[in-house]
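A.B. asks: task: produce atomic coordinates for the following.
(one chain, ligands or ions: 1)
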Amino acid sequence: MTNFFQNKVVVVTGGSNGIGKALVDALIHAGAKVATCGRSQEKLYDLQVLHSGHHLHTKVADVSNYNDCKNFIDSTIQVFGCIDILINNAGISMRALLKDADTEVIKKVMEINFFGTLYCTKLSLDCIIKQKGSVVAVSSIAGFRGLPGRSGYSASKFAMNGFMESLRTELKDDGVNVLWVCPGFTASNIRNAALNSEGKSQGESPLDESKLMTAETCAKHILRAIENRKRTLVLTFNGKRTVFMNKFFPRLTDRLVKNFFFKKGVLVK
Ligand SMILES: NC(=O)c1ccc[n+]([C@@H]2O[C@H](COP(=O)([O-])OP(=O)(O)OC[C@H]3O[C@@H](n4cnc5c(N)ncnc54)[C@H](OP(=O)(O)O)[C@@H]3O)[C@@H](O)[C@H]2O)c1
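C.D. replies: The predicted structure follows:
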């Protein structure tokens, strides 16, 4: 990595696990001043211990709560003076068919993934415009192609993509780069934490996590895309194939996606 991130102020929401933590680790290593949040004080404390002596600001904040986001972003500006780059990464998933799922599950996923992105972006926007920096959203392949058992998750990621595209157009002449990233399956805690039909963490992953892209590799791609001021980034071979197939062969893709997620009519992934 070049010294592009040296001394830049980078906010990563949800930096205590998975892709967010890999981003925080890589950014600290690259000499950035990093601010991150999450709901668990304990995990943020561990991160502070890991990076003690470096420029790391952490705050307990639930991104679905506007006041938490305000405290987090305001305190970051107080500590570091400005924000150059915001990476809206915090997110949760779900695994339940709509016919079984409580609508509160879908609402919660939307509140974290979409409204969390809205709040943090709105609260840091003046700073980022002043710095001619970047706004980034960690979306998903599920934001290009609706996935079964993840209707709320797909809805939240489609919403994020539309929001970011609107913002990019609004900021076209302001020197701000707007990027959204669509990782494919990446090893992390997301499937363990995914909400079931009753809104509880399912506590297991239906995939073999050891066969997936690592969070560190995903973070490396994201940081390179930020440095190169890319518009969008779609990751993994499967992810790129899904986006391509869905664009040109949508009916066939319905069948392929159904076959991937269901066995004998039962959702298995
Ligand atoms: N892993 C994949 O296969 C994959 C694929 C495509 C897209 N993505 C996207 O990548 C992003 C990161 O996911 P991940 O896979 O790294 O998941 P992860 O391992 O579960 O990490 C999620 C992070 O977000 C934080 N978080 C969750 N809810 C939050 C909330 N309400 N407020 C603040 N922080 C919150 C978590 O900390 P706390 O739990 O302590 O709050 C954790 O630090 C998500 O937006 C996800 O949709 C992941």
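
A.B. asks: so A215 makes contact with D25?
C.D. replies: No: in this structure A215 lies outside contact range of D25 using C-beta atoms under 8 Å: 9.3 Å. The C-beta positions use only the backbone N, C-alpha and C, and glycine is treated the same way.

A.B. asks: ok, longest helix in the chain?
C.D. replies: Among the elements of the chain assigned as helix by DSSP state H, the one spanning the most residues is helix 151-170.

A.B. asks: and that one, how far out from the chain's middle?
C.D. replies: The offset between the C-alpha centroid of helix 151-170 and the centroid of the whole chain comes to 12 Å, using C-alpha atoms, centre = their mean, to the nearest Å.

A.B. asks: what is it packed up against?
C.D. replies: Here helix 151-170 is seen to pack against helix 103-110, helix 116-131, strand 134-138, strand 177-182 when contacts are counted using 3 or more C-beta pairs under 8 Å, 6 or more residues apart in numbering; DSSP states H and E.

A.B. asks: report the buried residues of it.
C.D. replies: Buried positions in helix 151-170, judged by neighbour count with 16 or more other C-beta atoms under 10 Å: 151-161, 163-164, 167-168.

A.B. asks: that helix near the ligand at all?
C.D. replies: No: no part of helix 151-170 sits close enough to the ligand to count as contact by C-beta under 6 Å from any ligand atom; the gap is at least 6.9 Å.

A.B. asks: what does stretch 255-269 give?
C.D. replies: No: Stretch 255-269 does not reach the ligand (C-beta under 6 Å from any ligand atom); its nearest approach is 11.9 Å.

A.B. asks: helices of the stretch 151-269 of the chain, residue ranges please.
C.D. replies: Using DSSP state H, counting those that start in this stretch, the helices found in the stretch 151-269 of the chain span residues 151-170, 190-193, 215-227, 237-248, 250-261.

A.B. asks: give me the angle between the first one and strand 177-182.
C.D. replies: Helix 151-170 and strand 177-182 meet at an angle of 160 degrees, taking axes from the mean of the first three to the mean of the last three C-alpha atoms, to 10 degrees as the criterion.

A.B. asks: got it, and the third one?
C.D. replies: For the pair helix 215-227 and strand 177-182, the angle between their directions (the same axes, to 10 degrees) equals 150 degrees.

A.B. asks: just give me how far helix 215-227 sits from the chain centre.
C.D. replies: When distances are taken as C-alpha atoms, centre = their mean, helix 215-227 is centred 12 Å away from the chain's centroid.

A.B. asks: just list what it packs against, helices and strands only.
C.D. replies: Looks like helix 215-227 contacts helix 18-29, strand 85-88, strand 134-138, strand 177-182, strand 232-234 (3+ C-beta pairs under 8 Å, 6+ apart).

A.B. asks: quick one: contacts for the residue in the stretch 51-200 of the chain that the ligand sits nearest to?
C.D. replies: When scored by C-beta to the nearest ligand atom, the stretch 51-200 of the chain has G91 as its residue closest to the ligand, at 2.4 Å. G91 makes contact with G14, I112, N113, G116, V138, S156, I190, according to C-beta atoms under 8 Å, 6 or more residues apart in numbering.

A.B. asks: and for F185?
C.D. replies: With contact taken as C-beta under 8 Å, 6+ apart, F185 is in contact with L207, L212, M213, T236, N238, G239.

A.B. asks: doesn't C182 make contact with the fourth one?
C.D. replies: This means T236. No: counting by C-beta under 8 Å, T236 stays clear of C182, with 9.3 Å between them.

A.B. asks: anything in contact with each of these two?
C.D. replies: When contacts are counted by C-beta under 8 Å, 6+ apart, T236 and C182 have I141 as shared neighbours.

A.B. asks: and these two? Which one has more around it.
C.D. replies: In terms of neighbours (other C-beta atoms under 10 Å), C182 is the more surrounded of T236 and C182; the figures are 25 against 19.
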